[in-house]
Every structure is written in C-alpha cells, then in structure tokens.
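A.B. asks: can't give you the sequence, but here's the structure:
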C-alpha cells in the first residue's frame with residue numbers, strides 16, 4: 001500500500017500525487033512509447049509496427065478491489081481482473097486495458113484496438129490472435145481500422161502445452177509483466193491505476209534491456225582501457 005513506502009522515499013501522499021498526475025497526463029505511457037520506438041530502431045525496424053499480437057491474462061485481486069471492477073474467470077478460476085495487451089512482433093507493449101476477469105476477450109479487444117489506433121501515425125495492418133477473438137463486434141473494429149486478423153490455432157489433436165507461432169511472443173510479455181511484484185496480484189482500487197502499473201513495469205524492463213545492450217566500461221570500451229589492461 002502507498003502508506004507503506006520505504007522511509008527513504010518522500011511522503012507517501014506526495015509520491016501518490018505524482019503517480020496520479022502522471023497517469024492523468026499519460027506521461028509514463030509517452031515515456032514508454034519513446035523508448036519502444038528507440039528499441040525498434042536499434043533493431044533496424046520501423047519505429048511503428050505493422051503487425052501485432054493480442055492476448056489476455058487474468059490475475060487474482062486483493063480485498064482493495066471493489067466488486068464493481070472485479071469478476072470471476074471460469075476458465076482460469078481467477079477472481080479478480082484481466083489484463084488485455086497488444087504487443088508488436090518483438091513483444092514490446094503497444095496497448096493495455098484492464099477489465100473485470102469475467103469480460104470475454106472478444107468483448108475487450110475492440111476498445112483495445114480503438115485506443116491504440118486513435119493515435120496518429122499508426123501503421124498496424126495485421127494482428128495475430130487465438131480462437132477466443134472472434135465475433136461481429138470484433139470483426140467490425142478490425143475492419144474499421146483496416147487491420148487484418150489471423151487466428152493462430154492449436155494443431156489438430158494436440159493435447160497439453162505447445163508453443164504456437166507468434167502467440168508465444170505475447171505470452172512471454174505477459175510472463176515478464178507477472179514478474180513485477182505489483183502485478184502478480186491486483187491491489188489497485190481503480191482499473192486505470194492498474195494499467196498505469198503495467199506501463200511502469202514495462203518501462204522498467206525496457207530500460208534495463210536497452211542499458212544491457214549499451215557499451216560497458218571497460219569490457220566493451222577498448223578506448224577507455226587502462227594501459228596496464230590494454
């Protein structure tokens with residue numbers, strides 16, 4: 001909880017106020033999008049992706065989550081909320097929305113797509129999904145933005161776990177997010193605050209990834225080696 005911030009932080013109400021204002025103005029999301037574009041350019045990709053993958057993840061909710069914004073996912077046997085995410089082909093986060101866990105994937109995907117495509121400069125043309133993402137409302141949402149949908153199905157007769165082409169990318173992203181302690185269970189009273197925590201977790205991982213690719217001294221900076229080590 002916010003009141004339990006470590007003593008070396010500022011007063012918890014001041015920290016929460018910054019969090020709330022940054023959420024309202026979308027600062028953290030804007031930071032992540034700039035980092036994402038830089039990461040794609042570093043891999044010699046276009047800054048904006050033309051293909052993406054959609055999936056969802058149900059998480060249990062603590063007692064701070066009210067009944068109005070929580071539900072029971074019968075498939076995953078989770079009482080809480082569901083994170084719906086859109087990623088690019090590298091697994092970088094493009095969009096996220098949070099709903100009660102009983103909201104079907106096909107019902108949440110149109111709003112997810114509309115929110116992402118509302119920003120200028122989007123180049124998305126193809127989205128890979130699983131068999132849950134079907135229905136007229138979803139088809140209209142994709143058609144409205146000129147996005148083609150490709151359903152990735154399990155091989156006929158396949159039982160148990162199997163790695164599915166393209167879908168493993170978004171599932172890996174969801175597992176990365178779950179490693180954040182703030183996200184392995186939903187503690188937020190408001191769904192939009194949970195979305196903000198997802199952007200924070202994604203930003204932390206992406207900055208670490210970018211820093212890991214940067215030249216380090218002295219192993220990767222021969223020009224800065226001391227004469228003795230050179």
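C.D. replies: Received it, and whenever you're ready, just let me know what you need. As the structure is a computational prediction, the values presented were derived from the model and not from experiment.

A.B. asks: Just the buried residues of stretch 87-98, please?
C.D. replies: Using 16 or more other CB atoms under 10 Å as the test for burial, stretch 87-98 gives 87-89, 91-98. In this view, the C-beta of every residue, glycine as well, is placed from N, C-alpha and C.

A.B. asks: Quick check: end-to-end length of that stretch?
C.D. replies: Taking CA to CA, to the nearest Å, stretch 87-98 runs 15 Å from one end to the other.

A.B. asks: Look through the protein and tell me its longest helix.
C.D. replies: Scanning the chain for the longest helix, with DSSP state H as the assignment, gives helix 191-213.

A.B. asks: Give me the contact list for it.
C.D. replies: The list of residues contacting helix 191-213 from outside it, by CB atoms under 8 Å, 6 or more residues apart in numbering, reads 19, 22-23, 28-29, 31-32, 35-36, 38-39, 42, 69, 81, 83, 85, 92-93, 96-99, 176-177, 180, 182-183, 186, 188.

A.B. asks: Equivalent analysis for stretch 5-21, please.
C.D. replies: For stretch 5-21, the surrounding residues in contact (CB under 8 Å, 6+ apart) are 2-4, 193, 196.

A.B. asks: do that again at 7 Å, thanks
C.D. replies: Here stretch 5-21 makes contact (CB atoms under 7 Å, 6 or more residues apart in numbering) with 2-3.

A.B. asks: following whichever helix or strand residue 79 is part of, which helix or strand shows up next?
C.D. replies: According to DSSP states H and E, residue 79 maps onto strand 78-88. Downstream of strand 78-88, the first helix or strand assigned by DSSP H and E is strand 93-100.

A.B. asks: Need the contact partners of that next one.
C.D. replies: So strand 93-100 is in contact with 32, 52, 69-71, 81-88, 108, 111-112, 115-116, 173, 191, 194-195, 198, 202, going by CB under 7 Å, 6+ apart.

A.B. asks: Give me the distance between that strand and the centre of its chain.
C.D. replies: Distance, stretch centre to chain centre, for strand 93-100: 7 Å (CA atoms, centre = their mean, to the nearest Å).

A.B. asks: Parallel or antiparallel, which strands does it pair with?
C.D. replies: Pairing partners of strand 93-100, with direction, according to DSSP bridges: strand 78-88 (antiparallel).

A.B. asks: any idea how far the partner strand is from the chain center?
C.D. replies: 8 Å.
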